[in-house]
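1. sequence first, predicted model second:
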Amino acid sequence: MPKNIAIIMGGYSSEYKISLKSGNVVYEYLDKEKFRPYRIHILEEKWVYVDDNGNEFPVNRHDFSIHVENVTINFDCVFNTIHGTPGEDGLLQAYFELLGIQQTSCGHYQGALTFNKRDLLSVLKPYGIKSAKSYYLNLGDPIDEDEIINSVGLPCFVKANRAGSSFGISKVYKKEDLGKAIAKSFEEDGEILIEAFLKGTEVSVGVITYEGRTKVLPITEIITENDFFDYEAKYEGKSKEITPARISKIQERNVVEIAKRAYEVLKMKGYSRSEFIFIDDEPYMLEMNTTPGLTTESILPQQARIAGIELSQLFESAIVEALK
């Protein structure tokens, strides 16, 4: 009998439109003979099931069920496509764990940790996973621009610590632009991360659990027309993504080993996509995304196709692993 699958999409962050696209792709490609998928929009103002005609039915948050045509529908599994809060930061993972409903993304602890860039990089450092020099600020901290520049140098990146898809990020070349960049990041998050600029080849590495094992997907090289891989580059065609990446064998070996180590050290499950920059042959980690984009143009689906995994197989495997 087909399993009832709630595909959750939307979220409360600036990324909700991208999430809706990802969720609709999962809905389109999921095998309807094996699964009964339901599109669930989780938005700040409402949680609703949206049927094929655009009709909305409220979600009962006490047990995450829906009531349609006098029938109560409960879900066997949740397919998480929410980028940002509350789907990528551990909140919904904890909610579903309390309800005893299986879901396709990582656990609540891993979600909270990976969503916090500075905590993630700090935890992975003892395992030999390198990252750029960094400086941390919380909203309300005194801002000493000279101290920041002495610590990380120029140019540097100013980032919202808990935000995805390059929201709240700036590349700063001059001291006089630092204050404006910090203010921009604080609009997205009360914590920010200021990092030294790393000049080198940028790659994106997908790691998933597939057929019961950790699988590193073919590596993608990121080449952007913009100054860095910002929102326009990611979603508005201002970048070139080359899979497999044009890197040396030793670089490939090193980044595959590091990406797999990070996934397994953190006891991850589901999908992940991590970004690295090479300094010579050494990969430096920038971040790890635990609900990466799943549109047909997104990086992880591109990598899966190169590995011989079609979208229907990719999505089915996440559900199979969750139901184990």
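-> Noted; the coordinates are in hand.

2. could I get the full set of helices for the chain?
-> For the chain, the helices defined by DSSP state H cover 16-29, 91-99, 108-115, 117-124, 145-152, 178-188, 231-235, 249-265, 299-306, 311-323.

3. quick one: those helices as TSV, columns for mean pLDDT, distance to Ile223 and mean neighbour count too.
-> Where C-beta positions appear, they are placed from N, C-alpha and C, glycine not excepted. Formatted as TSV, the helices of the chain follow (pLDDT from 0 to 100; distance: least, CB to CB, whole Å; neighbours: other CB atoms under 10 Å):
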stretch	mean pLDDT	distance to Ile223	mean neighbour count
helix 16-29	96	21	21
helix 91-99	98	34	17
helix 108-115	97	25	21
helix 117-124	96	23	19
helix 145-152	97	24	14
helix 178-188	94	24	17
helix 231-235	48	9	18
helix 249-265	98	16	17
helix 299-306	97	13	22
helix 311-323	97	24	19
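
4. just the pLDDT for the residue of the chain most remote from its centre.
-> The outermost residue of the chain relative to its centre, with distances by CA atoms, centre = their mean, is Asn70 at 36.9 Å. Asn70 is assigned 94 on the pLDDT scale.

5. check contacts around it.
-> Applying CB atoms under 8 Å, 6 or more residues apart in numbering to Asn70 gives no contacts.

6. per-domain residue ranges of the chain.
-> For the chain, automatic domain parsing gives the domain ranges 3-105, 112-130+199-323, 134-196.

7. show the end-to-end separation of the last one, please.
-> Start to finish, the residues bounding domain 134-196 are 6 Å apart (CA to CA, to the nearest Å).

8. what's the answer for stretch 105-118, then?
-> Taking CA to CA, stretch 105-118 runs 21 Å from one end to the other.

9. residues making contact with it?
-> Here stretch 105-118 makes contact (CB under 8 Å, 6+ apart) with 80, 85, 87-91, 93-94, 97, 119-120, 123, 134, 136, 159, 161-162, 191, 193, 266-272, 286-291.

10. so Lys21 sits right up against Thr295, yeah?
-> Yes. Using CB atoms under 8 Å, Lys21 is in contact with Thr295, at 4.9 Å.

11. sorry, back to before: distance to Trp47 added to the helices of the chain, as TSV?
-> Below are those laid out as TSV (distance: least, CB to CB, whole Å):
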stretch	distance to Trp47
helix 16-29	13
helix 91-99	11
helix 108-115	18
helix 117-124	28
helix 145-152	41
helix 178-188	24
helix 231-235	25
helix 249-265	30
helix 299-306	26
helix 311-323	20
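
12. so which of the ones you listed is nearest Glu241?
-> Nearest to Glu241, of all these, is helix 299-306, at 6.1 Å by CB to CB.

13. against which helices or strands is that closest one packed?
-> strand 202-210, strand 220-224, strand 271-279, helix 311-323 (3 or more CB pairs under 8 Å, 6 or more residues apart in numbering; DSSP states H and E).

14. pull the contacting residues for Lys32.
-> Pro2.

15. that one and Pro142: what is the separation?
-> As judged by CB to CB, to the nearest Å, Lys32 and Pro142 stand 57 Å apart.

16. and if you look at Thr214?
-> Thr214 sits 43 Å away from Pro142, going by CB to CB.

17. ok, those two, which is more surrounded?
-> For Thr214 versus Pro142, the count of surrounding residues by other CB atoms under 10 Å is larger for Thr214: 16 against 6.

18. that one bridge partners, please.
-> Listed by DSSP bridges, the beta-bridge partners for Thr214 are Thr209.

19. now the strands for the stretch 1-150 of the chain?
-> Applying DSSP state E, counting those that start in this stretch to the stretch 1-150 of the chain gives strands spanning 3-10, 35-42, 47-50, 56-60, 65-68, 71-73, 77-80, 102-103, 134-138.

20. nearest approach to Ala307 belongs to which of those strands?
-> strand 77-80 (20.2 Å).

21. from the contact counts, what lies against that closest one?
-> Secondary-structure packing of strand 77-80 (3+ CB pairs under 8 Å, 6+ apart): strand 3-10, helix 91-99, strand 102-103, helix 311-323.

22. repeat that with 10 Å
-> If contacts are counted by 3 or more CB pairs under 10 Å, 6 or more residues apart in numbering; DSSP states H and E, strand 77-80 sits against strand 3-10, helix 16-29, strand 35-42, helix 91-99, strand 102-103, helix 311-323.

23. give the rounded mean pLDDT of stretch 158-169.
-> Averaging pLDDT along stretch 158-169 gives 77.
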